[in-house]
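Trainee: I would like the atomic coordinates for the input below:
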Amino acid sequence: MTSLVGAIASGCTSFATSSVQQDNSVNIHAPGQAVADQGEKNSSTAANPNQPKNSANPGEKPALKEGMPYQKARELVIQQGWQPNLQGDAPNLRDNSVKELFDFGYKEVKDCSGTGVGACLFEFTNPDGELLSISATIADHNNIERVVWRWSIEKQTNISQQTLPSSAQDKPPFIGTRLFNFLGGSGTGQSIEIAPDGTTIVKLNGTFESSVQYQGKFSNPIILQDGSGLRLLLKDGKIYSLLANGQIVKGCRGEEKLCESSLLEVSSTPIQNGFYILGGTDQGLEVRGEQYRYYDEEGNKEWNQISELTSIKEGVVFDGQNYWCIPPRQEVGVCSENGWIPSR
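Mentor: Predicted structure coming up:
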């Protein structure tokens, strides 16, 4: 799921949501300006979070804005009939940031990301059975003083996942580890590991370090625990990044491109030395020992660590964006995840 990136590891959420073009207006249709002004007029930045004031207009869509102080946003949504979601996933009180926010009175906090922008996820419900998810980031290095970053509304069917009946959709599609990369860049890869008992771990494998985005029982979709509010849906051998309302995130590899990726099985076959090509271009990739480098008609590029490549099968590697093959001698074709495909 708390980037899709080189920006992920360093500055977005663990999931690169800032580098992905998400249009909040798709998820929340703001009411008229008069309503927004009324919300600002009635809010008080010194209000006690434990004593919210309710509005007579339940179900009203809140006029949230990116960068709005979370405390003001909280007052606004509560005035409009939303209440902290005390069901579903319990707050991750093992996290110091979550515990501090919970003790402050923000009982709706669910989890916080320890990487990227340090986003925390807050959830509210309304009488119409909708779930409002707000992701808020730190302002001025103060955990309590946060600002709105992302938000979405989804229709609830049953908040508590523990009461959902088991279904084929909740059965893991595989056992083992698979790799995926929404953005296709270096340092933006992710992995999902599913154990035989259903225990699932999702990691962001950055250039310099890895971070856990989810750890728990398998579900489909998987709700990331990095504070981004994003979900991961596994379907037909692919994985998709979803907003809380179920829409597929767009913008991972270009404007309007869906955030989807193939799930690549990790191979135990070592990466062999040699010259790998895409096929149909002058680009190539050379592997020598524990290093690799690209080359083209202009010459050789800088050496990189071979750990950045993924072994798919003998003679086939994946660099996060393209498959590279050692082709059969003098055979024209193209490289694919299944190996070299000769041209007919």
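Trainee: thought residue 95 was touching residue 112?
Mentor: Yes - Residue 95 lies in contact with residue 112 (C-beta atoms under 8 Å); the separation is 5.5 Å. All C-beta spots, glycine's among them, are computed from the backbone N, C-alpha and C.
Trainee: more neighbours: these two, which one.
Mentor: residue 112 (28 against 19; other C-beta atoms under 10 Å).
Trainee: remind me which residues of the protein are low pLDDT?
Mentor: Where the chain drops to pLDDT under 70, the residues are 1-60, 114-116, 156-170, 185-187, 206-208, 344.
Trainee: and the biggest strand by length in the chain, which residues are buried?
Mentor: Longest strand of the chain, by residue count under DSSP state E: strand 142-155. For strand 142-155, a neighbour-count test (16 or more other C-beta atoms under 10 Å) marks 143, 146, 147, 148, 149, 150, 151, 152, 153, 154 as buried.
Trainee: closest to residue 330 out of the residues you listed?
Mentor: Minimum distance to residue 330 across those is 52.4 Å, recorded for residue 150 (C-beta to C-beta).
Trainee: which residues does the closest one bridge with?
Mentor: Beta-bridge partners for residue 150, by DSSP bridges, are residue 135.
Trainee: would you check that it makes contact with residue 229?
Mentor: Yes - counting by C-beta under 8 Å, residue 150 does reach residue 229; the two are 6.2 Å apart.
Trainee: need the overlap of contacts for these two.
Mentor: 134, 135 (C-beta atoms under 8 Å, 6 or more residues apart in numbering).
Trainee: what's residue 189 in contact with, if anything?
Mentor: Here residue 189 is in contact with 179, 180, 181, 204, 205, 310, 320 (C-beta under 8 Å, 6+ apart).
Trainee: any idea how far residue 325 is from residue 257?
Mentor: Going from residue 257 to residue 325 by C-beta to C-beta, to the nearest Å gives 25 Å.
Trainee: more crowded one of the two?
Mentor: The neighbour count for residue 257 versus residue 325, taken as other C-beta under 10 Å, is higher for residue 325 (25 against 14).
Trainee: which stretches of the stretch 101-250 of the chain form strands?
Mentor: Taking DSSP state E, counting those that start in this stretch to define them, one finds strands in the stretch 101-250 of the chain at 109-112, 120-125, 130-139, 142-155, 176-180, 189-194, 199-205, 210-217, 222-223, 231-235, 238-242.
Trainee: how about those strands in JSON lines, adding distance to residue 330?
Mentor: Formatted as JSON lines, these follow (distance: least, C-beta to C-beta, whole Å):
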{"stretch": "strand 109-112", "distance to residue 330": "55"}
{"stretch": "strand 120-125", "distance to residue 330": "56"}
{"stretch": "strand 130-139", "distance to residue 330": "54"}
{"stretch": "strand 142-155", "distance to residue 330": "52"}
{"stretch": "strand 176-180", "distance to residue 330": "32"}
{"stretch": "strand 189-194", "distance to residue 330": "33"}
{"stretch": "strand 199-205", "distance to residue 330": "37"}
{"stretch": "strand 210-217", "distance to residue 330": "41"}
{"stretch": "strand 222-223", "distance to residue 330": "46"}
{"stretch": "strand 231-235", "distance to residue 330": "40"}
{"stretch": "strand 238-242", "distance to residue 330": "35"}
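Trainee: no more questions from me, cheers.
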